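Visitor: Pasted the sequence and its predicted model underneath.
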Amino acid sequence: MFKQSWNRLTRRGFLSRVSIMAAGWKLLPFMSGNFVHAENNSEVGLIKTEDRKEAVRRAFKLGSPPSMQGKKVLIKPNFNTADPAPGSTHNDTLSTMIDEVRQRGAREIIIGERSGPPDTREVMEEKGIFDLAEKEGVQVINFDQLEDHELVHFEDKELHWKDGFHVPRILYEVDHILACGCLKTHQFNGVFTMALKLAVGIIPREGTDYMSQLHGSEDMRKMIAEINLAYHPDMYIIDGIDAFVSGGPATGEKVRAGITLCARDPVAIDAVGVSILKKLGSTPDIMDKPVFQQEQIARATEIGLGVSGPEMIRLLSDDPAGEDYIQSLHEYLRT
């Protein structure tokens, strides 16, 4: 069970600060210290199983998310495309997360996501998400179909984004956010896509130049990290039962890793995820660069999103198979 303390702004308080930014205040100076992981050790849970439903249930026990009794909870999956996992979040993973949240007494559950380049609604239809949502009694929000009043503008001159970007207001109106990503490489300059990269899906694509700005910038990986200043999931789950060790994000060289990760710190969980790719054997961009020199991770540590080195990560599991795997990861995490 994770023992990290919580020292974050409420979502309503954070929304107030985003509004202040619109009046010209700077973000980074007064936000230092609001990210508990920047100065404290972080725990990452590792579950060794090839059963996704079992993995999610064990992750909720190991990760010990905050109380959801009577709360409004948003689940942010990875629906970049409708390709099978790890191209997108597996429906078994999503439905089990919904069940776990419901069992904990949530009063309302929302699935929120934006796809790309395929149309978000088409991706959700192809994956059967609307049918799943109807069966489970949960709401679906397409982040690419929001009205202006449903968006919040987020900017700061310290960042690499020109004039900032918009994010869904609902992210600050829910009580908790749970994020579910996949374990994979990213062949289009992202290098890897796990927890930090998952945040790209909160930025609307239609009617904006955000994606062309992102993919056309030499600072793309830094910009990916910076999006994470705009939302703060209470727990991340990374489904690594299947992983792409090359290619990605939609299709690639798939291997059966049999691993699921859970954490509250996106930097820590991505660092462990990259270590797993190293262990499995991956692309030169993964294999030839130390974990904490990866640009997504390095920029995330600079802006206070998580731990700053491998010595600040505590890996834990709930069975001997997981513990054995953890022992094999330490050398990769340090290199």
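Guide: Arrived safely. Numbers count the residues shown, from 1 in each chain.
Visitor: gap between Asp285 and Lys157?
Guide: 30 Å (Cβ to Cβ, to the nearest Å). In this view, the C-beta of every residue, glycine as well, is placed from N, C-alpha and C.
Visitor: more crowded one of those two?
Guide: Taking other Cβ atoms under 10 Å, Asp285 and Lys157 do not tie; Asp285 has more neighbours (18 against 11).
Visitor: Please tell me I have it right and the more buried one contacts Val191.
Guide: Yes - if you go by Cβ atoms under 8 Å, Asp285 and Val191 touch, sitting 4.8 Å apart.
Visitor: Between the two, which contacts overlap?
Guide: Thr185 (Cβ atoms under 8 Å, 6 or more residues apart in numbering).
Visitor: just the strands in the stretch 101-250 of the chain please.
Guide: 108-113, 139-142, 151-154, 165-168, 176-186, 191-193, 235-247 (DSSP state E, counting those that start in this stretch).
Visitor: The first one versus strand 176-186: what angle between them?
Guide: Okay, so that is strand 108-113. 30 degrees (axes from the mean of the first three to the mean of the last three Cα atoms, to 10 degrees).
Visitor: Name every strand pairing with strand 108-113 and say which way it goes.
Guide: Strand 108-113 has the following strand partners under DSSP bridges: strand 72-76 (parallel), strand 139-142 (parallel).
Visitor: Over to the shortest one?
Guide: Strand 191-193 has its sheet partners listed here by DSSP bridges as strand 176-186 (antiparallel).
Visitor: Just want the angle from the strand it pairs with to strand 235-247.
Guide: Using the same axes, to 10 degrees: strand 176-186 against strand 235-247 is 10 degrees.
Visitor: quick one: the spatially closest residue to Pro310 that is not a sequence neighbour and Asn40, what's the gap?
Guide: Leaving aside its chain neighbours, Pro310 sits nearest to Leu333 (4.6 Å; criterion: Cβ to Cβ, 6 or more residues apart in numbering). Using Cβ to Cβ, Leu333 is found at 18 Å from Asn40.
Visitor: Which one's more surrounded, the two?
Guide: Using other Cβ under 10 Å, the more surrounded residue of Leu333 and Asn40 is Leu333, with 24 against 14.
Visitor: who are the neighbours in contact with the more buried one?
Guide: Contacts of Leu333 (Cβ under 8 Å, 6+ apart): 271-272, 275, 291, 310, 313.
Visitor: what residue is smack in the middle of the chain?
Guide: Geometric centre of the chain, nearest residue: Ala195, 2.9 Å, by Cα atoms, centre = their mean.
Visitor: Pull the contacting residues for the closest residue to that residue other than its chain neighbours.
Guide: Distances taken as Cβ to Cβ, 6+ apart place Pro266 nearest to Ala195, at 4.0 Å, with adjacent residues excluded. Going by Cβ under 8 Å, 6+ apart, Pro266 touches 179, 195-196, 228, 233, 236, 300, 305-306.
Visitor: quick one: which of the residues you listed sit in helices?
Guide: If you go by DSSP state H, the contacts of Pro266 have 195-196, 300 in helices.
Visitor: Do I have it right that Ala321 meets Lys48?
Guide: Yes - shown here, Ala321 and Lys48 form a contact pair, counting by Cβ under 8 Å, at 4.1 Å.
Visitor: Those two: which has the busier surroundings?
Guide: Lys48 (21 against 14).
Visitor: Now do the contacts for that one.
Guide: Shown in contact with Lys48 (Cβ under 8 Å, 6+ apart): 258-259, 317, 319, 321-322, 324-325.
Visitor: Can you flag the buried ones in those residues?
Guide: With burial judged by 16 or more other Cβ atoms under 10 Å, the buried subset of the contacts of Lys48 is 258-259, 317, 322, 325.
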